[in-house]
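coordinates for the following, if possible.
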Amino acid sequence: MSKYFNDSPIERPDDDQYGISAFARAVATSLLNLANPVGTTIAINGPWGSGKSSAVNLIRNELDARKDEKLKVVDFRCWWYRGEEAIALAFLQELNGALKNSLGDRIKGMVPELGRHILQAGPVIGSAVALATTGGIGALVAGSAAFTKRFFPDKPPLEKTFAALSEALANQSCRFLIIIDDIDRLSPDEALAIFRLVKSVGRLPNVMYLLVFDRVLADAAVQDRYPSEGPHFLEKIIQASFELPPPARSDLNSALLSAVEQICGEPSEEHVVRFMNVFYDAVAPYLVTPRHVTRLINAMTVTWPPVANNVSLADYLALETLRLYESSLFNAIKHHRDVLTGASASQKSRDDDRFLPFLAGIPDARQAAVKIILQRLFPAMESMTYSGFHEAWDAERRVCLSKHFDTYFKLSLSDDTMSAADIQEFINNAGDQNFVRDRLRRAAQQIRKGKQSMVPVVLGELTSHAGRIPREQAKDFLCAVFEVADDITRTEDEERGFGATDTRMRLHWLIRRVADERFTLQEKSELYLAATERASLGWLTDFVSSAYTDYHPREGRQVDLSTCLVAENAIAPLTQRALDGLRRAATNGELLVRGDLMFSLYRWREFAEDDGDEVKAWLSEQMKLEETLILLAKGLTGESWSAGMGGFGSLGDRVSRRQYRAQVGSNFDLFDTSWFRAELERMVKEKKHAADDLAAVQVFLDAWNNRRAGRDD
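Numbering: from 1, shown residues only. Below is the predicted model of the structure:
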């Protein structure tokens, strides 16, 4: 999903979701067919976020594909500079550099000479700026007179210089296209400076300009500065103007719906009608430009994971849209929980007074639409009585029920988040091992709604701010984290479904953010060797397994040092450390009762590199006890959660289903599975063990039967 954290314009036609490639090809064709341009200026107009820069990139792509060696394209990135003086000088530098590369000594000094006349014509160079037309960088502090006297000494008149430059350009075969994009990013005065420069220097043979801006904003700036000119100001500069074709409403909708499917999954069949009703009333009206879509997608990638499977997709998408594009309504909803989560409007006033708290700041033209949004999300705002719907709303986890309301706002309001002060305190004490251990253990004891602890929240915040932990405190911080890792790992903190994660995965993200890019591979090895000295066994085994796998990749893959946890020379001592821990746990009985028994056994086999002889011998001895057989049955019972997603036209599941899987495949060889199965079946029949244990054994046997019959999918 990382691609959605990006508001950059597209580069290739293959990425075009809004049908602007044809427009780009047409403009490129027009530019290529301008055989003898004389300062021809073409404009591409469009509002904020409409995709103007994407169109420019596609035009460049098309020009590159046509390979016209006589067309030289020059990009002037005007928004890199601030102030009219800096923009003027930088523009002249770009023009001078482009022409010199093709014409050489034939135009020596001509562009700087034009610059002298232009700069002397008005109040410029009021502060330190880049020296543009001489090719160097210098501090220009004084007024325009001092500047022009020093760098543009008296020379022939403007007409003579311009004529000489025009003749040189006319007598060569190259054409120059100067692209000036992002004019919208400039202040009004800076934007007008661009237009004045093009007007002043523009009438040159074999030179074309492509200006990209919002015509409405430009006209407003001209009207403010030159009220007598009106639209004629730009008409005198621009010979041809093209409005960027607006994206089709269906393309905007499709782009967002595709992203929803990828990030959140599709709504199930029984919910699709309501989802689309909410979408068309509360989301689609705010998708005016591609940038609106991109901004909403980027927000979803951040805010969906914490609430995935715990909210109604329709309500979530609507509220995210309001948060971005109707903030006053979003805040009003957030602060009127009791009103909105009531039973129905039949118990309140049924006139429009009930909407008043939500219409403050909403323009009159949009108030009717806002009322519909409120009614779509909150049945309490409708003038009818609902009966028998609450169970369905509860199953869907809709925002209209009080018990689910806070989930939708927890990123901004919930007590389940860490405050800035708490995060800063953690950063300030990152080198205090006692503090870190205590806070992480405390987080594991703080249980939130849904039975999750605060551990996912704390680890997530620490991962986001890991770069603020001082380098010199990283060792102590990691030592403390490694020591308490097993203490803070809870089954209830695991996330289910697509993209599921758990505490150990969160710990991997955290330690990489602490160490990667700030330490060399050898330095990281030393950090992790120190941190694993007192590491808890489960996390030690998991960490060493990851480090070991870095240098033992799957078939067809190669070792990538850029992603390795440690240097190769650290693998042996780390592996030995994990083996020692596993052997101690096997000897003292701890290993058998661990929740990650099978994971530990497989890692023991992997690290020992003896084809499992040591593990098999230990198991053979332990399995003489029936209690061990029960523990192995539990350890070999896996869980998975799935939901049939369906589609916009096919039936899908309403909720996820838990499935048990017997983790005994055809290549399982740690012990004799036939004997193991027979013993378990005998124990179930004899009923000599605790009922809970026998029930767990039966679950395993049923799952094993399903696997053998091919029904465990």
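
residue contacts, the residue lying closest to Thr503 once chain neighbours are set aside?
Among residues not flanking Thr503 along the chain, Thr489 sits closest, at 4.3 Å (CB to CB, 6 or more residues apart in numbering). Every residue, glycine included, has its C-beta placed from N, CA and C. By CB atoms under 8 Å, 6 or more residues apart in numbering, Thr489 lies in contact with 502-504, 538-539.

quickly find the element holding Met683.
Here Met683, judged by DSSP states H and E, is contained in helix 673-686.

so how many other residues sit close to Phe378?
Residues lying near Phe378 (other CB atoms under 10 Å) number 24.

enumerate every residue touching it.
340-341, 399-400.

so which other helices or strands are in contact with the helix holding Met683?
When contacts are defined as 3 or more CB pairs under 8 Å, 6 or more residues apart in numbering; DSSP states H and E, helix 673-686 packs onto helix 626-635, helix 691-708.

need the winner for burial among the ones you listed.
Neighbour counts (mean count of other CB atoms under 10 Å) averaged over each of the helices and strands packed on helix 673-686 peak at helix 626-635, with a mean of 19.

centre of the chain versus that helix, how much separation?
44 Å (CA atoms, centre = their mean, to the nearest Å).

for that helix, packing partners?
By 3+ CB pairs under 8 Å, 6+ apart, helix 626-635 packs against helix 597-608, helix 673-686, helix 691-708.

just send those helices back as JSON lines, with distance to Glu621 and mean pLDDT too.
As requested, these are exported to JSON lines (distance: least, CB to CB, whole Å; pLDDT from 0 to 100):
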{"stretch": "helix 597-608", "distance to Glu621": "14", "mean pLDDT": "91"}
{"stretch": "helix 673-686", "distance to Glu621": "15", "mean pLDDT": "92"}
{"stretch": "helix 691-708", "distance to Glu621": "21", "mean pLDDT": "90"}
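
in CSV, list those along with distance to Phe279.
Below are the helices and strands packed on helix 626-635 laid out as CSV (distance: least, CB to CB, whole Å):
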stretch, distance to Phe279
helix 597-608, 43
helix 673-686, 51
helix 691-708, 39
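
strands of the stretch 501-650 of the chain, start to end?
637-642 (DSSP state E, counting those that start in this stretch).

can you give me the helices in it?
503-515, 521-531, 537-550, 571-588, 597-608, 613-622, 626-635 (DSSP state H, counting those that start in this stretch).

need the longest helix for the protein.
helix 84-103 (DSSP state H).

next one: it to chain centre, how far?
37 Å.

what of stretch 40-48?
With CA atoms, centre = their mean, you get 30 Å for stretch 40-48.

again, but for stretch 226-246
38 Å.

which residues touch it?
19-20, 23, 27, 30, 40-46, 50-52, 55, 195, 198-199, 202, 211, 215, 218-219, 222-223.

buried residues, it. List them.
233-234, 237-239, 242, 244, 246 (16 or more other CB atoms under 10 Å).

beyond the helix or strand bottoming out on mean pLDDT in the chain, next helix or strand please.
Every helix and strand of the chain was ranked by mean pLDDT, DSSP states H and E. The lowest is helix 144-151, at a mean of 47. Next helix or strand after helix 144-151 toward the C-terminus (DSSP H and E): helix 158-170.

list the helices and strands that following helix packs on?
Counting by 3+ CB pairs under 8 Å, 6+ apart, helix 158-170 packs on helix 84-103, helix 110-120.

switch to 7 Å and redo it
Secondary-structure packing of helix 158-170 (3 or more CB pairs under 7 Å, 6 or more residues apart in numbering; DSSP states H and E): helix 110-120.

show me where the stretch 351-500 of the chain has its helices.
356-359, 364-377, 390-396, 402-405, 420-428, 433-445, 455-464, 474-484.

again but with the stretch 201-350 of the chain, I slipped
Using DSSP H, counting those that start in this stretch, helices in the stretch 201-350 of the chain cover 215-225, 232-235, 249-264, 269-278, 290-307, 313-325, 327-334, 337-340.

pipe these into a markdown table and attach mean pLDDT and distance to Ala572 per row.
Output for those, formatted as a markdown table (pLDDT from 0 to 100; distance: least, CB to CB, whole Å):
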| stretch | mean pLDDT | distance to Ala572 |
| --- | --- | --- |
| helix 215-225 | 80 | 65 |
| helix 232-235 | 78 | 72 |
| helix 249-264 | 88 | 42 |
| helix 269-278 | 89 | 54 |
| helix 290-307 | 87 | 37 |
| helix 313-325 | 93 | 49 |
| helix 327-334 | 91 | 56 |
| helix 337-340 | 88 | 58 |
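
deepest-packed of those, please.
Using mean count of other CB under 10 Å, helix 313-325 ranks as the most buried of those, with a mean of 22.

what lies in contact with stretch 200-216?
31, 34, 37-48, 52, 56, 95, 114, 118, 165-166, 169-170, 174-181, 183-184, 191, 198, 238 (CB atoms under 7 Å, 6 or more residues apart in numbering).

what are the buried residues along it?
Applying 16+ other CB under 10 Å to stretch 200-216 flags 200-202, 204-215 as buried.

for it, measure first residue to last.
23 Å (CA to CA, to the nearest Å).

can you get me the start-to-end distance on stretch 474-492?
End to end - CA to CA - stretch 474-492 spans 29 Å.

I misspoke; the intended subject was stretch 494-514.
First residue to last in stretch 494-514 (CA to CA) measures 23 Å.

distance between that stretch and the chain's centre?
That offset, for stretch 494-514, works out to 17 Å (CA atoms, centre = their mean).

mean confidence for that stretch?
Across stretch 494-514, the average pLDDT comes to 81.

can you start the count at 21 instead of 1 from here on
Sure, I'll start numbering at 21, so the last one becomes stretch 514-534.

what's the closest of the helices and strands packed on helix 693-706 to Ala388?
Proximity to Ala388 (CB to CB) singles out helix 711-728 among these, at 55.3 Å.

report all helices and strands that that closest one contacts.
Looks like helix 711-728 contacts helix 646-655, strand 657-662, strand 677-682, helix 693-706 (3+ CB pairs under 7 Å, 6+ apart).
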